[in-house]
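J.: Mind folding the following:
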Amino acid sequence: MSAIRKLPNRRKGAAENASVGTERMRMFAVALCGFCPFLAVYTTQPLLPLLAESFAASNAVASLTITATTLAVALAAPFIGIFADLWGRKILIVAATLGLAVPTLSAATASTLHGLIGWRFMQGLLIPGIFSVSLAYISEEWTGATRASATSAYVSGNVFGSVSGRVIAGICASHAGWQAAFEATSILLFCGGCLVWAFLPVSRNFHRQPNAVDGFRSMALNLKSRSFLAVAAVGFNTLFVFVATFTYITFRLAAAPFDLGSTALGLLFLLNLFGAVATPVAGRWMDRVGARTGLFAALSITAVGLLLTLTPNVVIICAGLALVSTGVFVANSAASSTLGRVRTEAGLLRRACTSAPITRAEALARCFRELPISKVGGVHALC
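T.: Presented below is the predicted three-dimensional model:
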């Protein structure tokens, strides 16, 4: 009889273990959704001096390999949300991830800088199909504390993808040329897409939108919201500074007297981890003092970091870059924390714009930030 009584308990325990295993696989898939797009966005950042030398191009022209991708992100992001509301979540995430591997691999075959810039633009058109739709998937499939855990897994994927993409690119370029950086990235994207297809469950709470009119209406309402625009302006300015700084500092450190190679420049982006570690700590502090105070503190830290990048000492420059990363991450966190009070119409577009670090105004900033800076002297123009 005692053995019979234990059977239901054993079945219950097995069911709970299976549920935990399934949840871990979902979290893993969501982390991959955060990892893959950021793996590709900044592939060329540590390669810019090498690309300028290889194609006999100016620093400004070489930096267009960053601008092209972010311009495409800015153009595609608003419309991806509308298509995902029509077609569904998982199918678009998987298609965009696998599709992203194609222009990434094709970039390795480019024989001219203009050809490379073209393939980088194609990458940018596909990237919002991963990060924007993934955020919508999280908001629909998780609730309460579990949603926070899923978001944390996604953000962890963002950070790891952003850092590892640059480090891998730098190491590959040092040993096998800049083409190897794109080849390695394309392989990782293909593997990531296959794993997302295998482990990310089909949406259970997705409600298909009958037409695209509602999506365009939501876009218009967002642009009329002063609160939303204020938060977007914070993203615009902080991401402007962040990517411009980390783009042009590579040219400075590759030149005399520093003469850093591609591997060292790639490892430089490990400094972004300081911002990733500081953000949750700063979040708890901002819960007590308020987001506005946190924002001003973060901007002050960023300004100090920028000034330190002007010194002739590489250690002090690295310290300044760590401060810039920390300030920008915390500033975006402060802005994002206010979005719960921003009243805009629901839908994927709204969720993507209020949750992702690369969204409308921020992506737009990334498109234009290099152009004026490249004309007036790079990092020095930021101050």
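J.: so residue 202 is in which element?
T.: Using DSSP states H and E, residue 202 sits in no helix or strand.
J.: What residues of stretch 46-61 count as buried?
T.: By neighbour count on 16 or more other C-beta atoms under 10 Å, the buried set for stretch 46-61 is 46-52, 54-55, 57, 59-61. Any C-beta I mention is one placed from the backbone N, CA and C, and that applies to glycine too.
J.: typo on my end, it should be stretch 269-281
T.: The neighbour-count check on stretch 269-281 (16+ other C-beta under 10 Å) flags 269, 271-272, 274-276, 278-279 as buried.
J.: Just the ones in helices from those, please.
T.: Within those, residues falling in helices by DSSP state H are 272, 274-276, 278-279.
J.: Looking at the residues you listed, which one is closest to residue 33?
T.: residue 276 (17.4 Å; C-beta to C-beta).
J.: wouldn't the closest one be in contact with residue 159 here?
T.: Yes: with contact defined as C-beta atoms under 8 Å, residue 276 reaches residue 159; the gap is 4.4 Å.
J.: where in the protein is pLDDT low?
T.: Residues of the chain meeting the criterion pLDDT under 70: 1-21, 84-86, 144-145, 148, 205-219, 221-222, 336-383.
J.: okay if I get the buried residues of stretch 269-281 as a markdown table plus distance to residue 201?
T.: Putting these into a markdown table (distance: C-beta to C-beta, whole Å) gives the following:
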| residue | distance to residue 201 |
| --- | --- |
| 269 | 33 |
| 271 | 36 |
| 272 | 31 |
| 274 | 35 |
| 275 | 32 |
| 276 | 27 |
| 278 | 33 |
| 279 | 29 |
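J.: ok, of those residues, which one's closest to residue 301?
T.: residue 278 (9.1 Å).
J.: so who does that closest one touch?
T.: Contact analysis of residue 278 by C-beta atoms under 8 Å, 6 or more residues apart in numbering lists 326, 329-330.
J.: Would you mind listing which of those residues are buried?
T.: For the contacts of residue 278, a burial check counting by 16+ other C-beta under 10 Å picks out 326, 329-330.
J.: Mind listing residues that contact stretch 255-262?
T.: So stretch 255-262 is in contact with 46-47, 49-50, 169-171, 173-174, 178, 252-254, 268, 312, 314, going by C-beta under 8 Å, 6+ apart.
J.: now stretch 93-100, how far from the chain's geometric center?
T.: 16 Å (C-alpha atoms, centre = their mean, to the nearest Å).
J.: Enumerate the positions of it that are buried.
T.: Within stretch 93-100, the residues that count as buried by 16+ other C-beta under 10 Å are 93-100.
J.: Buried residues, the helix or strand hosting residue 79. List them.
T.: Following DSSP H and E, the helix or strand that holds residue 79 is helix 64-87. By 16+ other C-beta under 10 Å, the buried positions in helix 64-87 come out as 64-85.
J.: And stretch 153-164, by the same measure?
T.: For stretch 153-164, burial by neighbour count (16+ other C-beta under 10 Å) applies to 153-164.
J.: Residue 197: which of those is nearest?
T.: Checking those against residue 197 by C-beta to C-beta gives residue 157 as the nearest, at 16.1 Å.
J.: Which element, helix or strand, includes that closest one?
T.: Taking DSSP H and E as the definition, residue 157 sits inside helix 144-176.
J.: just checking, next helix/strand downstream of that helix?
T.: Helix 144-176 is succeeded, C-terminally, by helix 178-199 (DSSP H and E).
J.: Can you spell out which helices and strands pack onto the helix holding residue 157?
T.: Other helices and strands packing on helix 144-176, by 3 or more C-beta pairs under 8 Å, 6 or more residues apart in numbering; DSSP states H and E, are helix 2-41, helix 128-141, helix 178-199, helix 262-267, helix 272-289.
J.: Deepest-packed of those helices, please.
T.: With neighbours taken as mean count of other C-beta atoms under 10 Å, the helices and strands packed on helix 144-176 reach their highest mean count in helix 128-141, at a mean of 26.
J.: That one vs helix 64-87, what angle?
T.: Between the axes of helix 128-141 and helix 64-87, defined by axes from the mean of the first three to the mean of the last three C-alpha atoms, to 10 degrees, the angle is 40 degrees.
J.: Mind giving me the packing neighbours of helix 128-141?
T.: The contact analysis (3+ C-beta pairs under 8 Å, 6+ apart) places helix 128-141 against helix 2-41, helix 64-87, helix 90-107, helix 144-176, helix 348-355.
J.: For the ones you listed, could you give me JSON lines that also reports distance to residue 117?
T.: Compiled in JSON lines, these are given as follows (distance: least, C-beta to C-beta, whole Å):
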{"stretch": "helix 2-41", "distance to residue 117": "15"}
{"stretch": "helix 64-87", "distance to residue 117": "5"}
{"stretch": "helix 90-107", "distance to residue 117": "9"}
{"stretch": "helix 144-176", "distance to residue 117": "16"}
{"stretch": "helix 348-355", "distance to residue 117": "26"}
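J.: So which of these is nearest residue 197?
T.: Smallest distance to residue 197 across the helices and strands packed on helix 128-141 (C-beta to C-beta): 4.6 Å, for helix 90-107.
J.: surely residue 160 meets residue 35?
T.: Yes: counting by C-beta under 8 Å, residue 160 touches residue 35, with 5.8 Å between them.
J.: that older thread, quickly name whichever of the ones in helices among the buried residues of stretch 269-281 is closest to residue 300.
T.: Nearest to residue 300 out of those is residue 278 (C-beta to C-beta; 13.9 Å).
J.: if I look at that closest one, how far off is residue 101?
T.: 33 Å (C-beta to C-beta, to the nearest Å).
J.: Next: residue 263.
T.: Note on residue 263: its distance to residue 101, by C-beta to C-beta, is 24 Å.
J.: next one: residue 226
T.: Residue 226 is 41 Å from residue 101, by C-beta to C-beta.
J.: cool, and residue 166?
T.: 18 Å.
J.: Which one, of the helices and strands packed on helix 128-141, ends up nearest to residue 118?
T.: Of the helices and strands packed on helix 128-141, nearest to residue 118 by C-beta to C-beta is helix 64-87, at 7.5 Å.
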